[in-house]
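[1] One predicted model, sequence on top.
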Amino acid sequence: MDIQFDKDYEKHNEESKKVWESYEKGKPIRMPCMVYGNNRIILLDKKLNTNGYTFEQYFNDAKMMTDVYCQFEDMMRHEIYADHEMGMPKDGWSVYVDRQNLHETGWLGAKVQYAKNNVPFCEPFLLGDDKNILFDKPFPGIFDNFEGRSLRLYNEMLELQKSGYTYKGLPIKKVGFSGIGTDGPMTLACMIRGTENFCMDLIEDPDYAEELMDYLVEAIIFRLKGLWKHFNFDTTVKNFGFADDSIALLSTDMYEEMIFPYHKKLITGLVKDFDSSVNSIHLCGNAQRHFKFLQENLHIHSFDTGYPVNFKKMVMDLNPNIVRINGGVRCDDLMQKTPEEIAKETKRIMDEVMPYTDRFVMRDANNLSPFTPNENIYAMYQTVRQYGWYN
């Protein structure tokens with residue numbers, strides 16, 4: 001497939017705006033297409049990371065983090081095609097404090113480890129005689145432990161903005177504090193206790209597992225409300241979105257008995273009114289068996305999926321008129337296969353869902369990998385543009 005990128009960004013933006021506006025109004029003219037990636041795409045690719053920055057350096061240097069954020073946004077706006085705004089930003093760049101997925105574990109006191117050729121990770125620390133250490137002390141302050149560094153970087157980024165920092169002639173439009181969300185209480189338990197240990201706890205020591213889940217839900221609520229207050233947001237929300245990838249490890253019975261009560265407690269503790277809330281969830285992995293229960297019992301109206309997924313069954317099992325489903329081509333396929341194969345797989349997924357719903361959003365499944373060829377992302381997008389129009 002001879003890929004020729006269309007560089008008419010103004011025309012692209014006009015079409016994408018119409019697509020999203022019609023989708024949000026409930027009368028989509030075409031299936032939207034989105035992609036998600038983050039700064040690891042720059043840092044782990046020597047061709048892009050020409051300065052040789054390490055994650056440890058990047059995590060401790062506001063200027064370096066700002067440079068990489070601007071580089072990544074520039075790449076998204078000029079080389080990675082989907083229904084987002086492309087071309088140079090009108091008012092400047094948006095930068096955030098990046099912690100990858102360490103904002104909660106680091107806040108709780110886990111030690112950050114820096115891998116040589118991968119993203120940083122936190123070591124489990126609720127091990128052996130230390131399994132109960134969190135229960136004996138109050139929650140950390142919202143900017144304690146690893147998050148003290150995050151607040152420092154945020155303030156230094158604000159200073160860069162005030163001092164006139166520019167990238168390719170444009171200033172910083174926005175400095176944001178990312179990570180004001182949760183990867184989910186079970187996933188957090190697996191990260192700080194160890195996945196195998198916590199799964200065994202669910203069977204062999206359910207009282208401990210429940211005590212840890214209850215602690216973590218309370219900690220998540222405490223942290224989020226504290227951050228919302230600090231950044232002048234309401235401390236309750238109308239609707240809530242969260243993730244908890246680790247429930248893919250559980251049967252439906254075990255999820256409903258051991259984890260669901262804590263998901264409901266989490267949402268109830270953060271939304272204004274649970275019964276009227278319209279919530280969303282991100283679930284990578286083989287978690288489709290849980291979706292209908294989640295829809296019916298947690299008011300989940302938007303699923304952000306990974307793989308494997310039977311899209312036709314998912315659409316038919318859920319309420320296709322109200323439920324948004326983000327899903328699409330596997331991220332490993334996007335990285336490894338040819339544009340022709342990506343176009344074929346994109347069309348297969350579209351053929352499965354389009355007869356039954358117009359609430360589907362095509363995307364990478366899930367989170368672009370470093371070294372993914374831009375031609376493959378373009379092939380996915382152009383296939384949606386060719387075949388995704390509704391009558």
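    Right, received. Where do you want to start? Numbers count the residues shown, from 1 in each chain.

[2] biggest helix in the chain by residues?
    helix 206-230 (DSSP state H).

[3] State the separation between that helix and the centre of the chain it belongs to.
    20 Å (C-alpha atoms, centre = their mean, to the nearest Å).

[4] ok, now stretch 310-330?
    18 Å.

[5] what sits against Ile29?
    18-19, 22, 389-390 (C-beta atoms under 8 Å, 6 or more residues apart in numbering). To be clear about C-beta, it is placed using only N, CA and C from the backbone, and glycine gets the same treatment.

[6] want to throw these into TSV with secondary structure and neighbour count?
    Listed next are the contacts of Ile29 as TSV, based on DSSP: H, G, I helix; E, B strand; the rest coil; neighbours: other C-beta atoms under 10 Å:
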residue	secondary structure	neighbour count
Lys18	helix	14
Val19	helix	21
Ser22	helix	16
Trp389	strand	13
Tyr390	coil	11
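
[7] would you turn those into JSON lines with pLDDT and distance to Asp275?
    Conversion of the contacts of Ile29 to JSON lines gives the following (pLDDT from 0 to 100; distance: C-beta to C-beta, whole Å):
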{"residue": "Lys18", "pLDDT": "98", "distance to Asp275": "35"}
{"residue": "Val19", "pLDDT": "99", "distance to Asp275": "32"}
{"residue": "Ser22", "pLDDT": "98", "distance to Asp275": "30"}
{"residue": "Trp389", "pLDDT": "98", "distance to Asp275": "37"}
{"residue": "Tyr390", "pLDDT": "98", "distance to Asp275": "32"}
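
[8] Which member of those is positioned nearest Leu158?
    Val19 (34.3 Å; C-beta to C-beta).

[9] from memory that closest one sits against Pro28, does it?
    Yes. Between Val19 and Pro28 there is a contact under C-beta atoms under 8 Å: 7.1 Å.

[10] quick revisit: considering the contacts of Ile29, which is situated nearest to Asp83?
    Using C-beta to C-beta, the contacts of Ile29 come closest to Asp83 at Val19, 5.5 Å.

[11] that older thread, looking at the contacts of Ile29, spot the one nearest Thr54.
    Val19 (39.1 Å).

[12] check contacts around that closest one.
    Going by C-beta under 8 Å, 6+ apart, the list of residues near Val19 reads 28-30, 32, 83.

[13] one more time with 10 Å, if that's ok
    Applying C-beta atoms under 10 Å, 6 or more residues apart in numbering to Val19 gives the contacts 28-33, 83, 384-385, 388-389.

[14] Of those residues, grab the buried ones for PyMOL.
    In PyMOL, this line selects whichever of the contacts of Val19 come out buried by 16 or more other C-beta atoms under 10 Å:
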select buried, resi 28+29+30+31+32+33+83+384+385+388
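
[15] Excluding chain neighbours, what is closest to Asn117?
    Leu44 (6.9 Å; C-beta to C-beta, 6 or more residues apart in numbering).

[16] So that neighbour is in contact with Thr372, correct?
    No. Applying C-beta atoms under 10 Å as the test, Leu44 and Thr372 come out as separate, 11.4 Å apart.

[17] neighbour count winner among those two?
    Thr372 (21 against 17; other C-beta atoms under 10 Å).

[18] Can you show me the strands along the stretch 51-200 of the chain?
    Assigned strands in the stretch 51-200 of the chain, in chain order: 93-96, 112-113, 121-122, 166-167, 170-176 (criterion: DSSP state E, counting those that start in this stretch).

[19] Would you reformat those strands as TSV and include mean neighbour count and mean pLDDT?
    Formatted as TSV, the strands of the stretch 51-200 of the chain follow (neighbours: other C-beta atoms under 10 Å; pLDDT from 0 to 100):
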stretch	mean neighbour count	mean pLDDT
strand 93-96	21	98
strand 112-113	15	96
strand 121-122	18	96
strand 166-167	14	99
strand 170-176	16	98
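
[20] sorry, back to before: contact partners for the residue nearest to Asn117?
    Applying C-beta under 10 Å, 6+ apart, the residues contacting Leu44 are 55, 115, 117-119, 369-371.

[21] For the longest helix of the chain, buried residues please.
    208-210, 212-213, 215-225, 227-228.

[22] domains of this protein?
    Listed domain ranges for the chain are 27-179, 278-391 (source: automatic domain parsing).

[23] Buried deepest among these, which one?
    Stretch with highest mean neighbour count among these: domain 278-391 (a mean of 19; mean count of other C-beta atoms under 10 Å).

[24] Run the chain-centre distance for that domain.
    14 Å.

[25] And for stretch 94-109?
    13 Å.

[26] of the contacts of Ile29, closest to Val271?
    Distances from Val271 to the contacts of Ile29, taken by C-beta to C-beta, are shortest for Ser22, at 28.0 Å.

[27] My guess is the closest one contacts Asp83. True?
    No. Using C-beta under 10 Å, Ser22 is not in contact with Asp83; the gap is 11.4 Å.

[28] overlap in contacts of those two?
    Common neighbours of Ser22 and Asp83 (C-beta under 10 Å, 6+ apart) are 30, 32.

[29] got the CA coordinates for stretch 134-145 in CSV?
    Output of stretch 134-145 as CSV, limited to C-alpha atoms (Å, rounded to 0.1, in the frame of the first residue of the first chain):
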residue,chain,number,x,y,z
LEU,A,134,-0.7,0.8,55.6
PHE,A,135,-3.5,0.1,58.0
ASP,A,136,-1.5,1.5,61.0
LYS,A,137,-1.1,5.0,59.7
PRO,A,138,-3.2,7.8,58.2
PHE,A,139,-3.3,8.4,54.5
PRO,A,140,-0.4,10.4,53.1
GLY,A,141,-0.9,14.1,52.4
ILE,A,142,-2.0,14.5,48.8
PHE,A,143,1.5,15.8,47.8
ASP,A,144,3.5,13.4,50.0
ASN,A,145,6.0,10.8,48.8
